[in-house]
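J.: My questions are about this predicted structure, shown below with the sequence.
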There are 2 protein chains.
Amino acid sequence: MARPNQTQEQAKKLLPTVCKTFSELGYRRTTTAELAQRCAIRENILYRLWPDKKAMFLAALDDIFRTRAKVWQEILSAQPAGEDAVERIVKYESRHQGEFGFYRIVFTALTETDDSDIRSALLKMYKSFHQLVCKQVQAGRGGKERKSDLPAEIAAWGLLGLATISNIIRELKLLPPRQRERMFAAVAKALVGGELS
Amino acid sequence: MARPNQTQEQAKKLLPTVCKTFSELGYRRTTTAELAQRCAIRENILYRLWPDKKAMFLAALDDIFRTRAKVWQEILSAQPAGEDAVERIVKYESRHQGEFGFYRIVFTALTETDDSDIRSALLKMYKSFHQLVCKQVQAGRGGKERKSDLPAEIAAWGLLGLATISNIIRELKLLPPRQRERMFAAVAKALVGGELS
DNA sequence: CAATAAAGTAAGTGAATACCTACAAAACTC
DNA sequence: GAGTTTTGTAGGTATTCACTTACTTTATTG
């Protein structure tokens, strides 16, 4: 025996760069040569870490999802399950959207949905997020749902749509940042309920 | 002189096939060979109709945008500027979403936004749609805006987001059709105002 | 019909790209 | 330090793809 295998660690170390590359260039335009160069390694080392390009992409998708979920968790745990949990997440999202290239990766994945692996990764991701948002909406309402409110599951889909269009707006600079933030807050309020400030 | 130039007509005739191909395969996976085959012509004929692949894509993007706008116009002109104009469009969209591959082309375009031509085509498209939706929201409210209502421009962005997530839901089969329709209607109502049935 | 330009056919080309092979250097265990 | 396994280097290959070239056929007009 000799030299412990450190592929796991190296893969982990390279993931941020891989994510960034895929989110900047999309799936097809990201070449393995480009990936290798940005990671400052040779191509064949990439192939020792992942079996093929698709696996690299799926790893990036998964990582970016985990990262986002973790960020939310942190926001929530700062002052757990309070009345204003959604509000805090909404505020955070409206400001920091796109910082981690989350949506660009999702968009590029959405144009590859005829690949069953990518499809099911996306499916899992959307379900998880919907559930997460759902819970927060419910928590934010503190159990008492007024008859005028949208059901939480429905409001959650609306919020995911809002996040999506908000990223498109950001991407295309359809609105200046502040206006986009205000739009985000106003629509979120309309969806979740009147109490949000 | 001999034989009148019919490239315009042929281009027009091929556009639906070109659109369909791009929306099924995305920009990168659509090869000019595939396009030619589906159009039942040779590759170099494509290049007599458009200067390059990007031009083919932009033509498809433009066509699909015009088509959608025309459909809306028809829905509206059936019973012009009524109180329920938005409602009719919303109902139509919730049912027929994705039929024309509209969003798949938009998604693939969104991953190519560092190309300035594609970027500005998208920009123009989103602005037009937002304006169109805006007008309809205002018309639907019949001039009288209640203080609880979202401003029309903001509600319009919300509706575009709703349309987007709704297409993602359809694409990934996150909800069965009827449930998706109900979700669409409920969120649209929350955004536009309480009067919609 | 003759001249001419468009429409179509068939093949090719150079560049890009995912992935592989063969080997050298380094590091860990005993 | 010998033996073994990982890590790194350098180059290659088969394929795909956007786009081209050279040529034949067809339609149109004077």
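T.: Great, that's in hand. Numbering: from 1, shown residues only, chains lettered A, B, ... in the order given.

J.: From the chain's centroid, how far away is the worst-scoring helix or strand of chain A on mean pLDDT?
T.: Least confident helix or strand of chain A, by mean pLDDT, DSSP states H and E, is helix A:85-96 with a mean of 78. How far helix A:85-96 lies from its chain's middle: 13 Å, per CA atoms, centre = their mean, to the nearest Å.

J.: Tell me which residues are up against the helix or strand just after it.
T.: Downstream of helix A:85-96, the first helix or strand assigned by DSSP states H and E is helix A:102-110. Under the contact criterion CB atoms under 8 Å, 6 or more residues apart in numbering or on different chains, helix A:102-110 has outside partners A:19, A:22-24, A:26-28, A:57, A:60-61, A:64, A:68, A:97-98, A:118, A:121-122, A:125, A:163-164, A:167, A:171, B:107, B:110-111, B:168, B:171. C-betas here are computed from N, CA, C, even on glycine.

J.: so how far is A:Ala78 from A:Tyr92?
T.: According to CB to CB, to the nearest Å, A:Tyr92 stands 11 Å off from A:Ala78.

J.: that older thread, any of the contacts of helix A:102-110 buried? List them.
T.: Neighbour counting by 16 or more other CB atoms under 10 Å in any protein chain shown classes A:19, A:22-23, A:26-28, A:57, A:60-61, A:64, A:68, A:97, A:118, A:121-122, A:125, A:163-164, A:167, A:171, B:107, B:110-111, B:168, B:171 among the contacts of helix A:102-110 as buried.

J.: And stretch A:87-97, what's buried?
T.: So for stretch A:87-97, counting by 16+ other CB under 10 Å, buried means A:87-91, A:93-94, A:97.

J.: Using JSON lines, please lay out those residues together with distance to B:Ala155.
T.: As requested, the buried residues of stretch A:87-97 are exported to JSON lines (distance: CB to CB, whole Å):
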{"residue": "A:Glu87", "distance to B:Ala155": "20"}
{"residue": "A:Arg88", "distance to B:Ala155": "24"}
{"residue": "A:Ile89", "distance to B:Ala155": "22"}
{"residue": "A:Val90", "distance to B:Ala155": "17"}
{"residue": "A:Lys91", "distance to B:Ala155": "21"}
{"residue": "A:Glu93", "distance to B:Ala155": "19"}
{"residue": "A:Ser94", "distance to B:Ala155": "17"}
{"residue": "A:Gln97", "distance to B:Ala155": "20"}
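
J.: can you name the two of these that are farthest apart?
T.: A:Glu87 and A:Gln97 (16.0 Å; CB to CB).

J.: Residue of chain A closest to DNA strand D, please.
T.: A:Ala2 (2.7 Å; CB to the nearest atom of the strand).

J.: tell me which element that residue is part of?
T.: With DSSP H and E as criterion, A:Ala2 is part of no helix or strand.

J.: Give me the neighbour count for it.
T.: 3 (other CB atoms under 10 Å in any protein chain shown).

J.: Can you give me the distance of it to A:Asp62?
T.: 31 Å.

J.: Also A:Gly98?
T.: The value you get for A:Gly98 to A:Asp62, if CB to CB is used, is 19 Å.

J.: go on, A:Ser128?
T.: Counting by CB to CB, the gap from A:Ser128 to A:Asp62 is 11 Å.

J.: try A:Glu34
T.: For A:Glu34 relative to A:Asp62 (CB to CB), the value is 21 Å.

J.: which residues does the closest residue to A:Ala185 other than its chain neighbours contact?
T.: Nearest non-adjacent residue to A:Ala185, counting by CB to CB, 6 or more residues apart in numbering or on different chains: A:Ser94, 6.1 Å away. By CB under 8 Å, 6+ apart, A:Ser94 lies in contact with A:166, A:180-181, A:184-185, A:188.

J.: any idea of the angle the least confident helix or strand of chain A forms with helix A:102-110?
T.: 90 degrees (axes from the mean of the first three to the mean of the last three CA atoms, to 10 degrees).

J.: Can you give the contact residues for stretch A:24-43?
T.: By CB under 8 Å, 6+ apart, stretch A:24-43 touches A:14, A:17-18, A:20-22, A:45-47, A:53, A:56-57, A:101, A:104, A:107-109, A:111-112, B:26-29, B:111-112.

J.: filter those by proximity to DNA strand C?
T.: Restricting the contacts of stretch A:24-43 to those touching DNA strand C (CB under 7 Å from any atom of the strand) yields A:47, A:53.

J.: wait, isn't A:Ala85 in contact with A:Leu132?
T.: No: contact criterion CB atoms under 8 Å: A:Ala85 and A:Leu132 do not qualify, at 10.9 Å.
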